[in-house]
Every structure is written in C-alpha cells, then in structure tokens.
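1. Only the shape, not the letters, is given here:
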C-alpha cells in the first residue's frame, strides 16, 4: 500500500521556465513533508520541507505548497536550471519518525 | 566534519553469505534509517531506529537485521534469507527536525 505517490515518472522543462513536481499522500497522520534531490549512485540531498500546519514554504528558487484537504503537495522550481536535472523524491514523516518516500520523478531541464 | 558515512561503497557477496553494511553518523541524531533502492524505483524502508537499543521494522524487513548499540552506529546485516539482495542501500539519520540526511550509499551485488 503506497502511502506517498508520485504519479509522474518524468518531467521535461525548458531552462528558465517553472518546474512543478507533484506528490499525493493517503495518510492524514503525516506531520511533515519533505523533498529530496538525487543523482545516480549518490545519497539523496534534502531540499525543502513543510509542516502539516502550513500551506507554503519558500527557499530561494524552491517553493513547496501543501493542500491538506486534497492530500497533495507540490514543489515549484523557478527558474529551472540544467543543474536541477535529477530525480526528485517526495517524503512524509509519520508518528515515530518513520519517513516514507514516493517512487520519484525524473526532472530534465533542457538548455 | 559532521556527516553520515557508509562503508563500503561497493560490496560483493556470494550467495548464501551474510554481509554487514556500516553506517556511522556524528551529527548527534537520535533517528537512523536504512533504505533500499532498486533500479528505476523509489526508496523502500528496511528498518529504522528512534533511539539507542530500539528499532522497528520498515516495509521490507524480511531477510535483514540491524542493531543500535550506540547512537552513532546503525549497521545493517543482509542475511542469506534475503532472496534478492542486489540493490543500492542508503542509510540516513535525523534529529529533532523532520529532515533526514543521507550517506552516499553502498551498492551490494550478489555474485
């Protein structure tokens, strides 16, 4: 039973435009949501997080939006750069510090 | 330098052998995690530990064992009972905030 779902396996965006990565979840008990970036054969790198009591968090080019009623969150990257090309994972934390990850979305930023 | 270290980076195992993957952190984090990534797939939780001398099974714990005798260390043993152990293994640690930080991973191959 997948509690965190990233339904788009890949996304291709032109450099300078906005990248929007989406994530859906089923467990209403998650208290934190996180986004990670990963290159092949490396560990994921933490990007940005949002508490379940907020609906938006911004850090530079990265903004995460949370819609609790829809159980949906999204990561916006503006402007997109070629170096942003990687796999992006959505993750959620539930009680007891258990972190659950989605399957990932491959982002390709074309120059 | 604070961080999380996994060793070895590459590991080869003969069928029927147990192998232990090392994970050490000096971030003073209470929580530690082990994930497995298969090609084209997301991160699946094997085991996690919230505190020393305590750990919980994740979604795919069968064929694996862990120990948490020290705060800094969370070794993972891949036993002969794990039928498909070839994968990329990732260790992470987390503090009071939600974000977890990952090591660089260990690629295990059964030969």
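-> Thanks, I have it. Note that the structure is predicted; figures quoted are calculated from it, not measured.

2. Can you pull the poorly scored residue ranges out of chain A?
-> Where chain A drops to pLDDT under 70, the residues are A:1.

3. With chain B instead?
-> Applying pLDDT under 70 to chain B flags residues B:1-2.

4. and the gap between the residue nearest to the spatial centre of it and residue B:58?
-> Residue closest to the average C-alpha location in chain B (C-alpha atoms, centre = their mean): residue B:34, at 3.2 Å. Remark: distance between residue B:34 and residue B:58 (C-beta to C-beta, to the nearest Å) = 8 Å. To be clear about C-beta, it is placed using only N, CA and C from the backbone, and glycine gets the same treatment.

5. Can you work out which residues contact both of the two?
-> Contact with both residue B:34 and residue B:58 is made by residues B:45, B:46, B:47, B:48, according to C-beta atoms under 8 Å, 6 or more residues apart in numbering or on different chains.

6. that older thread, which residue is the nearest non-sequential neighbour of the residue nearest to the centre of chain B?
-> Nearest non-adjacent residue to residue B:34, counting by C-beta to C-beta, 6 or more residues apart in numbering or on different chains: residue B:46, 4.3 Å away.

7. what's around that neighbour, how many residues?
-> Neighbours of residue B:46 under the rule other C-beta atoms under 10 Å in any protein chain shown: 26.

8. sorry, back to before: which elements pack onto the helix or strand containing the residue nearest to the centre of chain B?
-> Here residue B:34 sits within strand B:31-37, counting by DSSP states H and E. Counting contacts by 3 or more C-beta pairs under 8 Å, 6 or more residues apart in numbering or on different chains; DSSP states H and E, strand B:31-37 packs against strand B:19-25, strand B:43-51, strand B:87-94.

9. Quick check: the closest residue to residue A:83 other than its chain neighbours vs residue A:10, distance?
-> With sequence-adjacent residues excluded and distances taken as C-beta to C-beta, 6+ apart, residue A:83 is closest to residue A:109, at 7.8 Å. Per C-beta to C-beta, residue A:109 is found 12 Å from residue A:10.

10. can you check residue B:67 too?
-> Distance, residue B:67 to residue A:10, by C-beta to C-beta: 39 Å.

11. Neighbour count: the two, which is higher?
-> Ranked by neighbour count (other C-beta under 10 Å), residue B:67 and residue A:10 place residue B:67 first, with 15 against 10.

12. In contact with the closest residue to that one other than its chain neighbours, which residues are there?
-> Nearest residue to residue B:67, sequence neighbours excluded (C-beta to C-beta, 6+ apart): residue B:75, at 6.1 Å. For residue B:75, the contact set (C-beta under 8 Å, 6+ apart) comprises B:20, B:21, B:22, B:23, B:66, B:67.

13. The third one contacts residue B:7, doesn't it?
-> So that's residue B:22. Yes. Between residue B:22 and residue B:7 a contact is recorded at 4.7 Å, counting by C-beta atoms under 8 Å.

14. More neighbours: the two, which one.
-> The residue with more neighbours, out of residue B:22 and residue B:7, is residue B:22; 15 against 12, by other C-beta under 10 Å.

15. Show the contacting residues for the more buried one.
-> So residue B:22 contacts B:5, B:6, B:7, B:8, B:73, B:75 (C-beta under 8 Å, 6+ apart).

16. which one of these is nearest residue A:92?
-> residue B:6 (23.6 Å; C-beta to C-beta).

17. hey, which of the helices and strands packed on strand B:31-37 is tucked in deepest?
-> Mean neighbour count (mean count of other C-beta atoms under 10 Å in any protein chain shown) peaks for strand B:87-94 among the helices and strands packed on strand B:31-37, with a mean of 24.
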